[in-house]
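Student: A structural model of the following input is requested.
(chains A and B)
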Amino acid sequence: MTTKEKYKKVAYYPGCALEGSGHSYNRSTKAVGKALGLDLVEVKNWNCCGAMEVKNVDPKLQTYLSSRVMSVAANEMDMDVVMAPCNGCYHNLKKAEYDLANDAESVEVVGKLSKKAGHKTYESGQVETIHALDWIKEAIGEDGLRERVKNSLSGIKIANYYGCMYTRPRHIFPEKDQGPGSESTSKPHFMDDLLAAAGAENVDFPLKTACCGGAHTLSDSDTSTKLVLNILKTAKMAGADVIATECPTCHSGLEMHQIRAEKTLGEKVDIKILYFTQLLGMALGLKPRKVGVHENISDSMRFLKEKGLA
Amino acid sequence: MPIHEKSLIRPENLKTHDELVIDGVDVSGHWSTFIEARVVTDYNEALEEEIAALPGGEYIHRCWQCGSCTNSCTVNAINPDFNPRYWIYLIRMGMESELLRDKDIIWQCVSCNKCTYACPRDVFPEGVMKATSHWLELKGHTPKSPSMHFDEVFTEQIVKTGKIEESRTIRRFFARTKQALMQDWMIEMTKRMLRHLPIGMLTRMGLATLVAPRTSNWGAASKAMQEYIDEQEHERAEALNLAALAKRPEQDVAA
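Tutor: Model (predicted):
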């Protein structure tokens, strides 16, 4: 089976953030999947992957949590591919996959915990974990997308923001940095490719993989505000109207600290923040409400009306 | 020493001479590279081993001090005192008292993993930062950082229910760190959200705060994880000899 066919039906792991603050990402991912004729089967009775927090209490506990999600997809649903739109979930599942393939101690701890918890132990290689970007890029591709665009994003200047967890550390993403056609960890381009195919103009944005301080968004807000402000200002200077995101933590971090910078530092940066799936959905002819634009904290409706998307 | 790390020389160690000529060269005045000679005697020889015993610190021995971590560091760019290379050096040398001068900022690592990406020796500096802040807390050098409180609140909820419901985590975190929940910017954000949020979403969010979402049949997993956490805590306490640390104040009183 080709990758293209393999990705047509995938196990969908939304994760906790997509049921809360990142709901519009959940809504838009599903809507885009439907519009493109791709099949998402939600992982049954999933649990949290451990996010960025559990590893600081114990890294192997995080490996276990992520392995359980993959175990359910492989052993209870008989799926080969798990698709996670959240960078945190995606990263953790890949990290667990790496550890279970390379670290005997992790295998032992996961085996012990899985047995006590009463489910089959996940074994490395049972599923392939992909991000929503890989999913659309591989299953549909730029050409496929171009054919389906009803409402071109032409005239919209976009800074593509990938964040940290999508590319770092690189050893857990062996399929990246494989030359032409593959994703790059130093200069990722899948989001650029997809949005360009939908008609948008990507600006030259140097902070694609900069950090928004998401891990400390509440515990060290001043640091996060400074980091976010830098990202917002740089995107603005690069000429962007919109920052496209692919992670609920980055997205809500940018939105929250855009307001916090305004309130605590008096620095107002007028730039729109939208999930890449929201932009793609609208390019595919969906109304803003269908992709949850009204569920974002920041208000982009007037801008989208001006651009003829609403 | 790289020029950008000159801030490592503490002001009290700088030498300034009103009139000084060495080999016919006038070096009077302020020279930030002349420092007072000093003898270090208070090494903690167990320091590197203790950090290596905590998760994340395992590979600290691989470091050869190239400085790629500090060079790529997100936090260093906004605070030059945040210097992973230097802390790794101090830990490996056992210079605990020098490390303790920076004890209140080490927890601020944002886990962006740029250092891990750049490190040519696979030291995993991000892990070393976490191990070091954990060590500072376990040894009682610092109170638990806000970040550690957040990690604990978060982990407790997952162990209990299998899932995270954000508003509950946020409320508990603010309560545990004794911060006011309704800060100016938080109020502003809530207002802006309420302006255009649909009723359906509000209802769902409201329900989630009343009834936490949970993974079903989570009991056995929850119990297994809690046992594992307790086991690990015990092992770490032994590796860091915390029992002796707890007894020390009594001995001091007795003496």
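
Student: any chance you could map the helices in chain A?
Tutor: Counting by DSSP state H, chain A has helices at residues A:3-6, A:23-35, A:54-57, A:59-71, A:87-102, A:104-117, A:132-139, A:141-148, A:190-197, A:221-237, A:248-260, A:276-283, A:301-306.

Student: Can you convert these into TSV and add a column each for mean neighbour count and distance to A:Cys164?
Tutor: Any C-beta I mention is one placed from the backbone N, CA and C, and that applies to glycine too. TSV is the format used below for the helices of chain A (neighbours: other Cβ atoms under 10 Å in any protein chain shown; distance: least, Cβ to Cβ, whole Å):
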stretch	mean neighbour count	distance to A:Cys164
helix A:3-6	13	26
helix A:23-35	23	17
helix A:54-57	24	14
helix A:59-71	26	16
helix A:87-102	24	8
helix A:104-117	17	22
helix A:132-139	24	15
helix A:141-148	14	26
helix A:190-197	22	15
helix A:221-237	21	11
helix A:248-260	26	8
helix A:276-283	30	17
helix A:301-306	15	27
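
Student: what about B:Ser216, neighbour count?
Tutor: 9 (other Cβ atoms under 10 Å in any protein chain shown).

Student: so it touches A:Trp46, yeah?
Tutor: No - contact criterion Cβ atoms under 8 Å: B:Ser216 and A:Trp46 do not qualify, at 10.6 Å.

Student: any idea of the pLDDT on B:Trp31?
Tutor: B:Trp31 carries a pLDDT value of 68.

Student: Adding distance to chain B and mean pLDDT, write the helices of chain A out as a markdown table.
Tutor: Shown next, in a markdown table, are these (distance: least, Cβ to the nearest Cβ, whole Å; pLDDT from 0 to 100):
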| stretch | distance to chain B | mean pLDDT |
| --- | --- | --- |
| helix A:3-6 | 26 | 90 |
| helix A:23-35 | 7 | 97 |
| helix A:54-57 | 4 | 94 |
| helix A:59-71 | 5 | 98 |
| helix A:87-102 | 9 | 97 |
| helix A:104-117 | 4 | 98 |
| helix A:132-139 | 19 | 97 |
| helix A:141-148 | 27 | 96 |
| helix A:190-197 | 18 | 98 |
| helix A:221-237 | 5 | 97 |
| helix A:248-260 | 4 | 95 |
| helix A:276-283 | 14 | 98 |
| helix A:301-306 | 8 | 94 |
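
Student: Of these, which is nearest A:Ala159?
Tutor: helix A:221-237 (3.8 Å; Cβ to Cβ).

Student: now for that closest one, which elements pack on it?
Tutor: strand A:242-245, helix A:248-260, helix B:74-78 (3 or more Cβ pairs under 8 Å, 6 or more residues apart in numbering or on different chains; DSSP states H and E).

Student: the inter-axis angle of it versus helix A:248-260?
Tutor: 90 degrees (axes from the mean of the first three to the mean of the last three Cα atoms, to 10 degrees).

Student: ok, and what's touching helix A:221-237?
Tutor: Helix A:221-237 has contacts (Cβ atoms under 8 Å, 6 or more residues apart in numbering or on different chains) with A:159, A:161, A:203, A:205-207, A:210-214, A:216-217, A:243, A:253-254, A:257-258, A:260-261, A:264-265, A:267, A:269-271, B:74-75, B:78, B:108, B:110.

Student: Show me the shaky parts of chain B.
Tutor: Along chain B, the model assigns pLDDT under 70 to residues B:1-6, B:31-34, B:197-198, B:247-255.

Student: ok, now how distant is the most centrally placed residue in it from A:Lys60?
Tutor: Note on chain B: the residue nearest the mean C-alpha position is B:Trp107, at 2.1 Å, using Cα atoms, centre = their mean. Going from B:Trp107 to A:Lys60 by Cβ to Cβ, to the nearest Å gives 21 Å.

Student: per-domain residue ranges of chain B.
Tutor: Domain assignment of chain B by automatic domain parsing yields the ranges B:3-35, B:47-138, B:144-240.

Student: quick one: the nearest residue to A:Met191 once chain neighbours are set aside and A:Thr245, what's the gap?
Tutor: Leaving aside its sequence neighbours, A:Met191 sits nearest to A:Asn160 (Cβ to Cβ, 6 or more residues apart in numbering or on different chains; 4.5 Å). Distance from A:Asn160 to A:Thr245, counting by Cβ to Cβ: 9 Å.

Student: any shared contact partners between the two?
Tutor: Here A:Asn160 and A:Thr245 share the contacting residues A:Phe276, scored by Cβ under 8 Å, 6+ apart.

Student: ok, these two, which is more surrounded?
Tutor: A:Thr245 (30 against 26).

Student: Identify the residues contacting that one.
Tutor: A:Thr245 makes contact with A:Tyr161, A:Gly163, A:His251, A:Leu254, A:Ile273, A:Leu274, A:Tyr275, A:Phe276, according to Cβ under 8 Å, 6+ apart.

Student: Repeat the analysis, applying 6 Å as the threshold.
Tutor: A:Tyr161, A:His251, A:Tyr275 (Cβ atoms under 6 Å, 6 or more residues apart in numbering or on different chains).

Student: likewise B:Asp151?
Tutor: Counted by Cβ under 6 Å, 6+ apart, B:Asp151 has contacts A:Glu53, A:Asn56, A:Val57.

Student: A:Phe190: which of the residues you listed is nearest?
Tutor: When the contacts of B:Asp151 are compared against A:Phe190 (criterion: Cβ to Cβ), the nearest one is A:Glu53, at 27.2 Å.

Student: Just give me the neighbour total for the nearest residue to A:Asn75 once chain neighbours are set aside.
Tutor: Leaving out its chain neighbours, the residue that sits closest to A:Asn75 by Cβ to Cβ, 6+ apart is A:Lys120, at 4.3 Å. Neighbour count for A:Lys120, taken as other Cβ under 10 Å: 14.

Student: Now A:Lys120. Its backbone dihedrals?
Tutor: For A:Lys120, the backbone dihedrals are phi -60, psi 140 (criterion: degrees, to the nearest 10).

Student: Kindly state the pLDDT recorded for it?
Tutor: pLDDT, A:Lys120: 97.

Student: for chain A, what are the nearby residues on the stretch 51-200 of chain B?
Tutor: Taking Cβ under 6 Å from any Cβ of the partner chain as the criterion, the stretch 51-200 of chain B approaches chain A at residues B:55, B:74, B:78, B:108, B:110-113, B:116-117, B:130, B:146-147, B:150-151, B:154-155, B:158, B:162-164, B:166, B:184-185, B:188-189, B:193, B:196.

Student: Can you show me the strands along chain B?
Tutor: Ranges of strands in chain B, per DSSP state E, are B:14-17, B:21-22, B:25-26, B:29-35.

Student: Spell out the residue ranges of the helices in the stretch 151-255 of chain B.
Tutor: Listed in chain order, the helices found in the stretch 151-255 of chain B under DSSP state H, counting those that start in this stretch are B:166-176, B:184-196, B:199-210, B:219-239, B:242-254.

Student: quick one: the longest one to helix A:59-71, angle?
Tutor: Using the same axes, to 10 degrees, the direction of helix B:219-239 lies 160 degrees away from that of helix A:59-71.

Student: what sits up against helix B:219-239?
Tutor: By Cβ under 6 Å, 6+ apart, the residues outside helix B:219-239 that reach it are A:Asp58, A:Leu113, A:Lys116, A:Ala117, A:Gly118, B:Ala53, B:Val159.

Student: Pick out the most distant pair among these.
Tutor: It's A:Gly118 and B:Ala53 that sit farthest apart of the contacts of helix B:219-239, by Cβ to Cβ, at 31.7 Å.
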